[in-house]
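In: Take this sequence and fold it.
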Amino acid sequence: MRAVDLHTHSTASDGSYTPTKLIDYAHEKGLASIAVTDHDTVDGLDEAVAAGAKYDDLEVIPGIEFSTVNEGKDVHVVGLYIDYKSEVFCKRLDEFRNSRTERNKKMCQKLTEAGLPMDFDELTEKFSGSVLTRAHYAAYMLEKGYIKSRQEAFDRYIGDDCPCFVPREKVTPELAVEIILEAGGVPVLAHPVLYHMSDAKLDALVARMKNAGLMGIEAIYCTYSMSEEQGIRKLAKKYDLLISGGSDFHGANKKDLDLAVGYGHLFVPEEVRDNIYKAHVNMNK
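Out: As a prediction, this is how the structure comes out:
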């Protein structure tokens, strides 16, 4: 059985590989399927799909990863097999992205007030063609000499609990689920272990999202221990959710993390993709 990778990023958001390079690398790695799931954008999907057309043994799955806010902290929702050209979806996505722009402007202001001058226009121009994420802030701050490492940016300034972090307003996990469903896609809660919630809080979040239409959860992920994976699988079973998985590949922007295998031990079997695809087909009959 071949591997699939249902969570990856390109230069359309905060990955270092262009969509074409990402697809070529997926073929080189022998993947059966790759989902391109850039943050809050589908700008790289046309290029990725065109690149995939060269290969008859590789499926390119149109996807997205929405960045939402739950109790003041980021929660990500992946959408798989989305109709990213749908007029309704594109309109909703524009509204969603506008909230990111407003958040970014406020974060620039907070960082500037904290003694780290951040010019929003310069930041945007520097990463032209990409949806701005906190990873771009960290890169900018490192280049300016404000910090000694990218991790320092998150630890001291822009991490969820840091003084310069600004959550996005009215962008809930349920909203992301709704937009993905409208696009005929399968909504998946991404890397829930990374949110460091108590079991009770995570259970409550999943219950809420299930009521909103959540269909899957990322139970196979590059950083999970065996016990963490088992815990998420139990949660999936409790709420009748599909299992999804991926490396969260960002190229050079996540050191030592490789496509398909993560940090060396990741394997997402084709069966995972097959079950998600069947659900996608059934919901769009």
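
In: Phi first, then psi, for the residue lying farthest from the centre of the chain.
Out: Checked against the mean C-alpha position of the chain, the extreme residue using CA atoms, centre = their mean is Gly115, at a distance of 30.5 Å. With angles defined as degrees, to the nearest 10, Gly115 sits at phi 100, psi 10.

In: In stretch 168-176, which residues are buried?
Out: Across stretch 168-176, burial judged by 16 or more other CB atoms under 10 Å covers 168, 171-176. Where you see a C-beta, it was placed from the backbone N, CA and C, and this is true even at glycine.

In: Let me see the ranges of the helices in the chain.
Out: Using DSSP state H, the helices of the chain run over 19-28, 45-52, 87-113, 120-126, 134-144, 150-152, 173-182, 199-212, 226-238, 270-283.

In: check contacts around the residue with the shortest distance to the centre of the chain.
Out: Centroid check for the chain by CA atoms, centre = their mean gives Glu65 as the closest residue, at 3.5 Å. Taking CB atoms under 8 Å, 6 or more residues apart in numbering, we find Glu65 in contact with 7, 9, 13, 37-40, 76-79, 190.

In: got these as TSV, with neighbour count and distance to Asp258 columns?
Out: Shown next, in TSV, are the contacts of Glu65 (neighbours: other CB atoms under 10 Å; distance: CB to CB, whole Å):
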residue	neighbour count	distance to Asp258
His7	27	13
His9	26	13
Ser13	25	19
Thr37	31	17
Asp38	26	18
His39	22	20
Asp40	24	24
His76	23	20
Val77	24	24
Val78	28	19
Gly79	27	24
Ala190	25	19
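
In: Same list (the residues you listed) but as a markdown table, adding pLDDT.
Out: Shown next, in a markdown table, are the contacts of Glu65 (pLDDT from 0 to 100):
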| residue | pLDDT |
| --- | --- |
| His7 | 98 |
| His9 | 98 |
| Ser13 | 94 |
| Thr37 | 98 |
| Asp38 | 97 |
| His39 | 94 |
| Asp40 | 93 |
| His76 | 97 |
| Val77 | 98 |
| Val78 | 98 |
| Gly79 | 98 |
| Ala190 | 98 |
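
In: now the end-to-end length of stretch 49-56.
Out: The straight-line separation of the ends of stretch 49-56 (CA to CA, to the nearest Å) is 12 Å.

In: Show me this protein divided up by domain.
Out: 4-94+173-283, 104-158 (automatic domain parsing).

In: Asp83 - how many residues pack around it?
Out: Using other CB atoms under 10 Å, Asp83 has 15 other residues around it.

In: Do I have it right that Leu142 meets Phe154?
Out: No: look at Leu142 against Phe154 with CB atoms under 8 Å: they stay out of range, at 11.6 Å.

In: which ones are touching the closest residue in space to the residue nearest to the centre of the chain that isn't next to it in sequence?
Out: Using CB to CB, 6 or more residues apart in numbering and skipping the chain neighbours, the partner closest in space to Glu65 is Thr37 (4.4 Å). By CB under 8 Å, 6+ apart, the contact list for Thr37 reads 6-9, 63-65, 78-80, 246.

In: Looking at those residues, which is nearest Leu259?
Out: Minimum distance to Leu259 across those is 6.7 Å, recorded for Thr8 (CB to CB).

In: gap between the closest one and Lys254?
Out: 11 Å (CB to CB, to the nearest Å).

In: And the pLDDT for the nearest residue to Phe267 once chain neighbours are set aside?
Out: Beyond its immediate neighbours in the sequence, the residue positioned closest to Phe267 (CB to CB, 6+ apart) is Ala3, lying 5.7 Å away. We note a pLDDT of 98 for Ala3 in this prediction.

In: surely Ala3 meets Arg273?
Out: No: if you go by CB under 8 Å, Ala3 and Arg273 don't touch, sitting 9.7 Å apart.
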